[in-house]
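**Student:** What follows is a protein structure lacking sequence information:
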């Protein structure tokens, strides 16, 4: 099957670029040094490629991601790097045939996890991003409470999410050090072997963490693509041109707000200017400044265009499957089987 | 079951508000005067409520929406108000046990529809929104081509999508008239009984159209909620507070970029200020100016919050089901069964 035969909109992964990204990360952070985050791709088939690249421990954002990874036989070491207080879901996680570690950052989350029969946790520490995590000062007390409740505390985690996307590398280095000073201090109070942190933007900067929770590196996106990291953009949404307006010089393809994560803004199309997206449409015009001559003419109805999402994670969450392409050939189709919660 | 028992994030519809919205529209535009757009809710159970309110003709944005409506027994008069050139999908539409009318705006879409065995079409006319639609001047020629190809041309459609959201009613009236002048001119050249146009923002303004393609009126959202239309916001995403940061005065709930359409910006929470959303989180703080006293204190871990999406359509497309609530009671659960393409 060819990429041009796919019903659109279709998520297409550039297979060779994906393989290079996986190999680059596996060389930089081999085995347990990288704990790939499955939230970025929500796809057990892609996670299996990460296993084949040498990683065996994974990060998840939702109970369903944990359960799906366990069901797919990749439950060696699953970290739910997020707080959950839903007793029913926690109970299901505890019953999985898998090693499951949960993040906790409060008395309530410690108690809920212990009550549900979970066995292991990390103390989640706020290192500056206004999101989950206890204060570094409270980490030791929480660890004591967790241990008293019967949980094994494997260590700490703390995500410098406000730093991973900073364009200036020197600033990224400086702020990562500040964040990790807090996490190391918390770790001193908590104990355990694990210091879990980091992301694609700090994978080679964060040397304090024992493991890096990188997810975006596998597929990348426009937001991350602007950073000085050696990973290529592997994901596009392939769309079909369904309308061309020659009078006003624009075209419309069948890919819109329901097939693209929009929180980082509009997608891009190589050689074109994207005007806006509607529910099922993207309107664009040729970019007169494009160096690629193909961009200077309007396409025809039926032509395919590759739309590059600004943010991969919420883009993939809209789709049922990922097609893996080698050039123009579709070589594999993978279900996006970790969607939902 | 209570709303507080739902696993989160959960889409919750305020049943009485939905019923009022449906009744208000059915009174203003009874029966065939409204052709509800299912793209807004992607839910055949909700469409059935629209049938019970007196409407029997529906608007769809994707082939899957058309097929799903036909399979659910609501195929009396389905308009695919969008261009499709995929021969396989068009063939499946032609084979449905339903009356299917497709939008065409070019030689290519006319020819693809005729080849696939579809029987009826509307000429889609560009009335100012930079998206699909032929020029008003070309509409007559296209209708001739469609008839020559064996299609019955039922009339014209043209969506004033750039007008429906204008806050100033006088301006909305003025620009709708401009748009419809083009559509009426095209209709004169095309013939047929149907002039299909309009949306929730122009449902009572667009008197040129024989039928209004309103979708948002049933559930509404923050963007539409700012207009002077008599429909109430019926949809929220219920989320659970999973982390509270007392030092910095914010809380985090489990509803984020993968459960909210973000193209119109951040969601809102009554009585709170929303800081930002991440993939699975919304960070917010109490609004000191909130009149509701409940908004002035930080919530506790485990509390539920109702998150109001900025844009309903791409929000619903992330979810598997809609829960209908009457007060605190969940009275029904409807599958979002028209997702995908």
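**Tutor:** Nice, thanks for sending it over. All of these numbers come straight from a predicted model, not from anything done at the bench.
**Student:** Phi and psi next, for residue A:312.
**Tutor:** Taking degrees, to the nearest 10, you get phi -70, psi -50 for the backbone angles of residue A:312.
**Student:** Now do the residue nearest to it when sequence neighbours are not counted against residue B:20, distance only.
**Tutor:** In this structure, residue A:312 finds its nearest non-sequential neighbour in residue A:221, 4.1 Å apart by C-beta to C-beta, 6 or more residues apart in numbering or on different chains. All C-beta spots, glycine's among them, are computed from the backbone N, C-alpha and C. Separation of residue A:221 from residue B:20 (C-beta to C-beta, to the nearest Å): 41 Å.
**Student:** for the stretch 201-341 of chain A, what spans make up the strands?
**Tutor:** Assigned by DSSP state E, counting those that start in this stretch, the stretch 201-341 of chain A shows strands spanning A:211-212, A:235-245, A:250-253, A:268-269, A:272-278, A:281-286, A:304-308, A:321-326, A:329-335.
**Student:** To residue B:163, which of those lies closest?
**Tutor:** strand A:272-278 (13.9 Å; C-beta to C-beta).
**Student:** Let me know the angle separating that closest one from strand A:281-286.
**Tutor:** Between strand A:272-278 and strand A:281-286, the angle comes out at 160 degrees (axes from the mean of the first three to the mean of the last three C-alpha atoms, to 10 degrees).
**Student:** Buried ones in strand A:272-278, by neighbour count?
**Tutor:** Across strand A:272-278, burial judged by 16 or more other C-beta atoms under 10 Å in any protein chain shown covers A:272-274, A:276-278.
**Student:** Between strand A:304-308 and it, find me the angle.
**Tutor:** Using the same axes, to 10 degrees, strand A:272-278 lies at 80 degrees relative to strand A:304-308.
**Student:** Mind giving me the packing neighbours of strand A:272-278?
**Tutor:** In terms of contacts (3 or more C-beta pairs under 8 Å, 6 or more residues apart in numbering or on different chains; DSSP states H and E), strand A:272-278 is packed against strand A:281-286.
**Student:** hmm, the strand it packs on in reach of chain B?
**Tutor:** Yes - legend: contact between strand A:281-286 and chain B by C-beta under 8 Å from any C-beta of the partner chain is shown at A:281, A:283.
**Student:** Would you mind pulling the contact partners of that strand?
**Tutor:** A:239, A:242, A:249-256, A:260, A:267, A:269, A:271-277, A:295-298, A:305, A:307, B:130-132 (C-beta atoms under 8 Å, 6 or more residues apart in numbering or on different chains).
**Student:** Go ahead and build a ChimeraX selection from the buried members of these.
**Tutor:** Of those, the buried ones can be selected in ChimeraX as follows, counting by 16+ other C-beta under 10 Å:
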select /A:239,242,250,251,252,253,254,255,256,260,267,269,271,272,273,274,276,277,295,298,305,307 /B:130,131,132
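**Student:** wait, does stretch A:226-239 make contact with chain B?
**Tutor:** No - between stretch A:226-239 and chain B, judged by C-beta under 8 Å from any C-beta, nothing touches; the nearest distance is 10.5 Å.
**Student:** er, stretch A:194-201 actually
**Tutor:** No - legend: contact between stretch A:194-201 and chain B by C-beta under 8 Å from any C-beta is lacking; minimum distance shown is 11.8 Å.
**Student:** again, but for stretch A:38-50
**Tutor:** Yes - using C-beta under 8 Å from any C-beta, stretch A:38-50 reaches chain B at residue A:39.
**Student:** what's the offset of stretch A:306-319 from the middle of its chain?
**Tutor:** 11 Å (C-alpha atoms, centre = their mean, to the nearest Å).
**Student:** what's the average pLDDT for that stretch?
**Tutor:** Taken as a whole, stretch A:306-319 carries a mean pLDDT of 97.
**Student:** distance between the ends of that stretch?
**Tutor:** 16 Å (C-alpha to C-alpha, to the nearest Å).
**Student:** now the longest helix belonging to chain A: mean pLDDT?
**Tutor:** As assigned by DSSP state H, the longest helix anywhere in chain A is helix A:169-190. In this model, helix A:169-190 has a mean pLDDT of 98.
**Student:** check whether the helix or strand of chain A at the bottom of the mean pLDDT ranking contacts chain B.
**Tutor:** Ranking every helix and strand in chain A by mean pLDDT, DSSP states H and E puts helix A:222-225 at the bottom, with a mean of 82. No - for helix A:222-225, no contact with chain B is found by C-beta under 8 Å from any C-beta; the gap never falls below 12.1 Å.
**Student:** what distance separates that helix from the centre of its chain?
**Tutor:** With C-alpha atoms, centre = their mean as the basis, helix A:222-225 stands 12 Å off its chain's centre.
**Student:** residues contacting the residue most central in space within chain A?
**Tutor:** For chain A, the residue nearest the mean C-alpha position is residue A:40 (2.2 Å; C-alpha atoms, centre = their mean). Residues in contact with residue A:40 (C-beta under 8 Å, 6+ apart) are A:215-216, A:218-219, A:312-313, A:316.
**Student:** Cross those against helices and list the overlap.
**Tutor:** A:312-313, A:316.
**Student:** if I look at the residue nearest to residue A:222 when sequence neighbours are not counted, how far off is residue A:279?
**Tutor:** In space, and not counting its chain neighbours, residue A:222 is closest to residue A:310: 4.8 Å by C-beta to C-beta, 6+ apart. Between residue A:310 and residue A:279 the computed distance is 17 Å (C-beta to C-beta).
**Student:** just to revisit the earlier point, can you say which of the strands of the stretch 201-341 of chain A is nearest to residue A:199?
**Tutor:** Closest among those, using C-beta to C-beta: strand A:211-212, at 7.3 Å.
**Student:** In terms of secondary structure, what does the closest one contact?
**Tutor:** Strand A:211-212 packs on strand A:194-197, going by 3+ C-beta pairs under 8 Å, 6+ apart.
**Student:** Tell me the residues of the stretch 51-200 of chain A that contact chain B?
**Tutor:** Counting by C-beta under 8 Å from any C-beta, the stretch 51-200 of chain A comes close to chain B at A:61-62, A:82-86, A:88-89, A:105-106, A:108-109, A:126, A:130-133, A:135, A:161.
**Student:** Just the buried ones from those residues, in ChimeraX syntax?
**Tutor:** Here is the ChimeraX command that selects the buried residues among those (16+ other C-beta under 10 Å):
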select /A:61,62,82,83,84,85,86,89,105,106,108,109,126,130,131,132,133,135,161
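**Student:** picking up where we left off before, can you tell me the number of residues neighbouring the residue nearest to residue A:312?
**Tutor:** 24 (other C-beta atoms under 10 Å in any protein chain shown).
**Student:** which residues touch it?
**Tutor:** For residue A:221, the contact set (C-beta under 8 Å, 6+ apart) comprises A:233, A:235, A:264, A:308-312, A:315.
**Student:** most surrounded residue in those residues?
**Tutor:** residue A:309 (28 neighbours).
**Student:** Can you classify residue A:161 as helix, strand or coil?
**Tutor:** Secondary structure for residue A:161, judged by DSSP: H, G, I helix; E, B strand; the rest coil, is coil.
**Student:** just checking, it touches residue B:279?
**Tutor:** No - using C-beta atoms under 8 Å, residue A:161 is not in contact with residue B:279; the gap is 10.0 Å.
**Student:** Show me which positions of the longest helix of chain A end up buried.
**Tutor:** Those would be A:172, A:175-176, A:179-180, A:182-187, A:189-190, for helix A:169-190 by 16+ other C-beta under 10 Å.
**Student:** how far away is the closest residue to residue A:22 other than its chain neighbours from residue A:11?
**Tutor:** The shortest distance from residue A:22 to any non-neighbouring residue, by C-beta to C-beta, 6+ apart, is to residue A:53 (4.5 Å). Using C-beta to C-beta, one gets 21 Å for the distance from residue A:53 to residue A:11.
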